[in-house]
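*Asks:* Sequence and computational prediction follow.
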Amino acid sequence: MLQQVIDRRLSGKNKSIGNRERFLRRYRKQIREAVRHAVSGRSIHDIEQGENITLPRRDVTEPVFGHGSGGSQERVYPGNQEYVRGDQIGRPPGGGGAASGSGAGAGQDGSSQDDFEFRITREEFMQYFFDDLALPRLLRTQLLPDVPEWKSHRAGFVSEGTPTNLHVVRSMRKALSRRIAMGGDVRRQLRRLELALDVLLLDTRSSPGEILALKHEIDTLNQRLQRIPFLDPFDLRYRNRVNTPLPASRAVMFCLMDVSGSMNETRKDMAKRFFILLYLFLMRHYEKTEVVFIRHHTQAAEVSEDEFFHSTESGGTVASSALMMMHQIIQQRYSPSEWNIYGAQASDGDNWLQDSSKCRALLVEKLLPVSRYFAYLQVAEESQTLWEEYSLVHKSQPHFAMQKVTDASGIYPVFRELFKKGSAA
């Protein structure tokens, strides 16, 4: 007889998604490392796309159990002139066996030449890209009347609700209490009549009519008890949950980029890479986060996202102009009592000599007291006056961080170091 099996599962065509998720969890470390290498070689425009991930075959091998023949056996192996019965055979040198990389698919160093390659999607790429990152010291600051956040918590029981919220134990307890209350008088009468019936049955002088009348009355009371419903809709009790408003964790990130003449194309490209990573990270993980873009040379200007990443304007360097503009914008639009304020500055460190000390004073006196975290990235190896002044700030302010980067491959590790969870706890 021909049998036909119809698959009506709701997983659609992608029925291997469960296996894929387990694979991604198992090789999380190797995939994260492959993503890090992929980022260092990408252009700014391609940084958000998916990626083909290649893993060495030795990293994705599965353990295999072999089954022996079992039992006690005696065998004769011809040509054995070295061992006799009872000798103990030692392990091979190095702890490996014959299958330790000497197969057809292995190279001279014992590693597999046939690597395993698969593609991760854009969402998976971004998930590994920003894994274990967070804005440091983010707090919930205030209640938002326009778009409030709610938290649901239990608030006792109610008599109306959905079946999914039905509390069985509480409902049965209520039903039992109702049955006891409604049948209490009937049961007391029933016990009294049953005792009277026992007395009549023992008394030989009792008439059959009295006995039949008493039995009829007992049957009537039993029928009244049976008519009491076991579970009434009035007995049902449902879990009640209420929503209470929560303070929202609103945050603003100030992106300050040096576009002076000393910032050549290589340095500008590294600074842009850093800010693109920061922008993507904020947009992916934080809904209520605003980003303010500030470019500066001798003068600072608040610009749009497109101007920030694509404008070619340049000039001298006065870094304090960007910090002053950040302070002015905070006073005008972002109250520290309502907003979590963050700052990220990228520069090559080349600054007007007398201006670097002014930058340090602005940070210590005006910006850091109202900021949750401030990160400085220098896209040059040599220590300039700005780096020296900021080093003094770094020693005394725990929520101020600074890093150097000299090539594009170092942007991702530095970014993770600046914004990893607990970086400014």
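*Replies:* Perfect, I can see it now. Residues are numbered from 1 along each chain as shown.

*Asks:* How many neighbouring residues does Arg28 have?
*Replies:* 12 (other Cβ atoms under 10 Å). Every residue, glycine included, has its C-beta placed from N, CA and C.

*Asks:* Need the pLDDT of it.
*Replies:* pLDDT, Arg28: 78.

*Asks:* One more: Ser102?
*Replies:* 42.

*Asks:* ditto for Ser371
*Replies:* 92.

*Asks:* quick one: it and Asn243, what's the gap?
*Replies:* To Asn243, Ser371 is 32 Å away according to Cβ to Cβ, to the nearest Å.

*Asks:* how about the helices in the stretch 101-250 of the chain?
*Replies:* Applying DSSP state H, counting those that start in this stretch to the stretch 101-250 of the chain gives helices spanning 122-129, 168-202, 208-226.

*Asks:* Any buried residues in the first one, and which?
*Replies:* For helix 122-129, the buried set under the neighbour-count rule, 16 or more other Cβ atoms under 10 Å, comprises 124-129.

*Asks:* where does the stretch 51-200 of the chain dip in pLDDT?
*Replies:* Applying pLDDT under 70 to the stretch 51-200 of the chain flags the ranges 51, 57-62, 76-81, 92, 94-115, 139-149.

*Asks:* which residue ranges form the strands in it?
*Replies:* 51-55, 116-120, 149-158 (DSSP state E, counting those that start in this stretch).

*Asks:* Kindly reformat those strands as CSV and extend each row with mean neighbour count and distance to Lys174.
*Replies:* Formatted as CSV, those follow (neighbours: other Cβ atoms under 10 Å; distance: least, Cβ to Cβ, whole Å):
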stretch, mean neighbour count, distance to Lys174
strand 51-55, 16, 58
strand 116-120, 14, 54
strand 149-158, 11, 9
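
*Asks:* want to try JSON lines for those strands, with distance to Phe274 as columns?
*Replies:* Listed next are the strands of the stretch 51-200 of the chain as JSON lines, based on distance: least, Cβ to Cβ, whole Å:
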{"stretch": "strand 51-55", "distance to Phe274": "20"}
{"stretch": "strand 116-120", "distance to Phe274": "23"}
{"stretch": "strand 149-158", "distance to Phe274": "30"}
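
*Asks:* Nearest to Tyr412 among the helices of the stretch 101-250 of the chain would be which one?
*Replies:* helix 122-129 (8.3 Å; Cβ to Cβ).

*Asks:* Can I get the closest one in CSV? Just the C-alpha atoms.
*Replies:* Only the C-alpha atoms of helix 122-129 are listed here, as CSV (Å, rounded to 0.1, in the frame of the first residue of the first chain):
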residue,chain,number,x,y,z
ARG,A,122,23.5,41.0,7.1
GLU,A,123,21.6,40.7,10.4
GLU,A,124,23.9,37.9,11.6
PHE,A,125,27.0,39.8,10.6
MET,A,126,25.8,42.9,12.6
GLN,A,127,24.9,40.7,15.6
TYR,A,128,28.5,39.3,15.8
PHE,A,129,29.9,42.7,14.9
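
*Asks:* Now do that helix and strand 116-120, the angle between them.
*Replies:* Angle of helix 122-129 versus strand 116-120, following axes from the mean of the first three to the mean of the last three Cα atoms, to 10 degrees, is 100 degrees.

*Asks:* Just grab the bridge partners of Ala300 for me.
*Replies:* Using DSSP bridges, the bridge partners assigned to Ala300 are His296.

*Asks:* circling back to that earlier point, winner for burial among the helices of the stretch 101-250 of the chain?
*Replies:* Comparing the helices of the stretch 101-250 of the chain by mean neighbour count (mean count of other Cβ atoms under 10 Å), helix 122-129 comes out on top with a mean of 17.

*Asks:* Just name whatever secondary elements that one is in contact with.
*Replies:* On a contact count with 3 or more Cβ pairs under 8 Å, 6 or more residues apart in numbering; DSSP states H and E, helix 122-129 meets helix 28-40, helix 265-285.

*Asks:* Swap in 6 Å and give it another go.
*Replies:* helix 28-40 (3 or more Cβ pairs under 6 Å, 6 or more residues apart in numbering; DSSP states H and E).

*Asks:* how about the helix it packs on as CSV, C-alpha atoms only?
*Replies:* In CSV, the C-alpha atoms belonging to helix 28-40 read as follows (Å, rounded to 0.1, in the frame of the first residue of the first chain):
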residue,chain,number,x,y,z
ARG,A,28,30.6,31.7,17.9
LYS,A,29,34.3,32.4,18.7
GLN,A,30,35.6,31.4,15.3
ILE,A,31,32.8,33.4,13.5
ARG,A,32,33.5,36.4,15.6
GLU,A,33,37.1,36.3,14.7
ALA,A,34,36.3,35.9,11.0
VAL,A,35,34.0,39.0,11.2
ARG,A,36,36.8,41.0,12.8
HIS,A,37,39.1,40.2,9.9
ALA,A,38,36.3,41.0,7.4
VAL,A,39,35.8,44.4,8.9
SER,A,40,39.4,45.4,8.6
